[in-house]
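Visitor: Pasting the sequence and the predicted model now:
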Amino acid sequence: MGYIYYLMGKSASGKDSIYKKLIGQTALKKIIIYTTRPLRKGEKDGDDYHFVNEKEYEHIRSGGKIIEERLYETAEGPWRYFTVDDGSLDDKEGDLLGIGTLESFLRLRDYFGKDRIRPIYIEVEDGERLSRALNRERSQNEPKYREMCRRFLSDSEDFSEEKLKEACITKRFENKDLDLCLKEILNFIDHGYQGK
């Protein structure tokens, strides 16, 4: 089995931009997770996420195919994000690239084993993250500012220093400059993982 490189970081840290560039510049194959949240402007079903409704989620769940899942009580109602054992993670010839939360990383690590999954944690100063999040929301057809604020605040707890330490996340990639951050991540992937 190939390695699973897993991008994570607080909201508006640039994960999506880095993810897209890594997919475009490497042989890494996408892990596409599932969600019940609505599409955002510019997203495509089956490319960014598999967008499903609650009935489809229940069908997948009853089939025992969910590896990990998260439920967020958002200002727009409950949204689910989940990784499905749909055969796409069994690639024997190449490495995969996923994106998600610290919680999803830990569950995937438990499922696949710590030797297969490699964390890539992205950091951005909070003021810059807030500015990025606000600009992104303003560009939406229907901005969801309450949800943006909820996510921003919950990230402080979800990615606390204590939780990062417990997860053995020691290597961090600061995203002040996207090109420099990307270069450091590519170097990390090319020269191997030195984590525990």
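Guide: Done, it's in.
Visitor: And for residue 42, the neighbour number?
Guide: Using other Cβ atoms under 10 Å, the number of residues around residue 42 comes to 8. To be clear about C-beta, it is placed using only N, CA and C from the backbone, and glycine gets the same treatment.
Visitor: what about it, which helix or strand?
Guide: Using DSSP states H and E, residue 42 falls within no helix or strand.
Visitor: what's the pLDDT at it?
Guide: Confidence at residue 42, expressed as pLDDT, is 87.
Visitor: Quick check: the gap between it and residue 115.
Guide: Relative to residue 115, residue 42 is positioned 36 Å away (Cβ to Cβ, to the nearest Å).
Visitor: low-scoring pLDDT stretches of the chain, where are they?
Guide: 1, 91-92, 192-196 (pLDDT under 70).
Visitor: Find the centremost residue of it, please.
Guide: Among the residues of the chain, the one closest to the centroid is residue 100, at 2.0 Å (Cα atoms, centre = their mean).
Visitor: Skip the chain neighbours and tell me the closest residue to it.
Guide: Of all residues not flanking residue 100 in the chain, residue 8 sits nearest, at 5.9 Å (Cβ to Cβ, 6 or more residues apart in numbering).
Visitor: count of neighbours near that neighbour?
Guide: 23.
Visitor: residues touching it, list them.
Guide: Contacts for residue 8 were tallied using Cβ atoms under 8 Å, 6 or more residues apart in numbering; they are 15, 99, 100, 101, 102, 104, 105, 119, 120, 121, 122, 159.
Visitor: all helices for this protein, in order.
Guide: 15-25, 54-62, 102-112, 126-138, 145-158, 161-166, 178-190 (DSSP state H).
Visitor: Out of these, which gets nearest to residue 3?
Guide: helix 178-190 (8.8 Å; Cβ to Cβ).
Visitor: Using neighbour counts, pick out the buried residues of the closest one.
Guide: 181, 182, 184, 185, 188, 189 (16 or more other Cβ atoms under 10 Å).
Visitor: returning to what we had before: could you dump the helices of the chain into TSV and include distance to residue 88?
Guide: As requested, the helices of the chain are exported to TSV (distance: least, Cβ to Cβ, whole Å):
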stretch	distance to residue 88
helix 15-25	14
helix 54-62	13
helix 102-112	13
helix 126-138	28
helix 145-158	26
helix 161-166	28
helix 178-190	20
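Visitor: Can you say which of those helices is nearest to residue 35?
Guide: Proximity to residue 35, assessed across the helices of the chain by Cβ to Cβ, is greatest for helix 54-62 (9.1 Å).
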